[in-house]
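K.L.:
I need the structure of the sequence given here:
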Amino acid sequence: STAEFDVRPGGEVHSFSRSLGDYSCTFTYSAQGGTNEQWQMNVGVSEDNGLFSCSIWRPQGKSYLFFTQFKAEVKGAKIEYAMAYSQAAVGAQSDVPLKQEEFEITETTVSHREGKFRFELSKLLIVAKTPRDEL
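P.N.:
All right, here's what the predicted structure looks like:
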């Protein structure tokens, strides 16, 4: 399921969340710069219920806001893979990942790394393993 939300500048901390069954994804950030930008969050569960995915991105491909912080957090699952991008794919352009030192990944979060993050963010991608009981 995909939901649109506004990323708002002004320096305050804002959050946007989506849930799907037992799982949820929350994007928390603060940004400076121009005007509101329309972003999207998509959450999904694999057919076998083994993976929960959350992606957050700006459909236009690039955000012109200056992000002072960001964090995406999943609940109900543990992160297997996560990536953050300064630019999202659009047309012939491909995703441009952040440098590894700019962000950090834990079992449940992907977030900026203070002092290393260069304030550019346009997409976050998380794939997390669900604690599915083996039958």
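
K.L.:
my guess is residue 54 contacts residue 74, does it?
P.N.:
Yes: with contact defined as C-beta atoms under 8 Å, residue 54 and residue 74 form a contacting pair (6.0 Å). Bear in mind the C-beta positions are built from the backbone N, C-alpha and C, glycine included.

K.L.:
among those two, which residue is more densely surrounded?
P.N.:
residue 54 (28 against 24; other C-beta atoms under 10 Å).

K.L.:
what about the more buried one, helix or strand, and which?
P.N.:
strand 51-57 (DSSP states H and E).

K.L.:
packing partners of that strand?
P.N.:
Counting contacts by 3 or more C-beta pairs under 8 Å, 6 or more residues apart in numbering; DSSP states H and E, strand 51-57 is packed against strand 23-32, strand 37-45, strand 66-75, strand 123-129.

K.L.:
next helix or strand past the third one?
P.N.:
What that stands for is strand 66-75. strand 78-87.

K.L.:
what angle do that following strand and strand 123-129 make?
P.N.:
Between the axes of strand 78-87 and strand 123-129, defined by axes from the mean of the first three to the mean of the last three C-alpha atoms, to 10 degrees, the angle is 170 degrees.
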